[in-house]
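Asker: dropping the sequence and predicted coords here.
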Amino acid sequence: NMEGFDASTPIWLEDVKTGDWQNMRDNAQYSFAATTDDDPARFRVHFAAPNDVEEISNSSFANIYTFDKDIHIVTPVDFSGQVFVYDLLGKEILTKNIQGASNIIPMNYQNTYFLVKLVGNNKVITKKLYIH
């Protein structure tokens with residue numbers, strides 16, 4: 001069912017259990033052994049080449065934290081990208097374009113957890129934050 005995608009869109013299948021990646025454009029069939037104990041989320045489909053975007057956790061690339069009911073994002077000066085803020089049910093609260101150095105996003109919430117996703121410079125950083 002890849003006909004609905006532009007031919008230039010890379011489609012990769014990731015087998016989380018084995019660590020294998022397969023370019024579905026080159027070979028649309030993937031054979032594997034499974035058991036009933038396998039994780040139901042064993043497979044992931046990626047619409048980009050495996051090395052196009054680097055997913056970072058606990059990174060020195062960006063510092064994301066809360067202070068005084070605001071989300072603070074500190075990035076390199078040459079950073080350009082977007083920040084997405086979600087509640088813990090997955091509802092998008094806001095999307096904002098940001099530029100490098102220091103960004104402050106006022107949040108009109110308290111005693112709430114949020115998931116913050118920072119995308120830019122071929123990197124993706126996610127962090128769970130609590131606003132007091």
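Answerer: In hand now; what should we look at?
Asker: other residues contacting stretch 102-120?
Answerer: Here stretch 102-120 makes contact (CB atoms under 8 Å, 6 or more residues apart in numbering) with 62, 64, 66, 69-75, 79-88, 93-94, 96, 98, 124-132. For glycine as for every other residue, the C-beta is placed from the backbone atoms N, C-alpha and C.
Asker: distance between the ends of that stretch?
Answerer: Its first and final residues considered, stretch 102-120 spans 15 Å by CA to CA, to the nearest Å.
Asker: same check on stretch 26-43?
Answerer: 18 Å.
Asker: got the buried residues for that stretch?
Answerer: Across stretch 26-43, burial judged by 16 or more other CB atoms under 10 Å covers no residue at all.
Asker: for it, the averaged confidence score.
Answerer: The average pLDDT for stretch 26-43 rounds to 90.
Asker: which strands or helices does the helix or strand hosting residue 127 pack on?
Answerer: For residue 127, the element it lies in under DSSP states H and E is strand 123-131. Applying 3 or more CB pairs under 8 Å, 6 or more residues apart in numbering; DSSP states H and E, one finds that strand 123-131 contacts strand 54-56, strand 63-67, strand 112-120.
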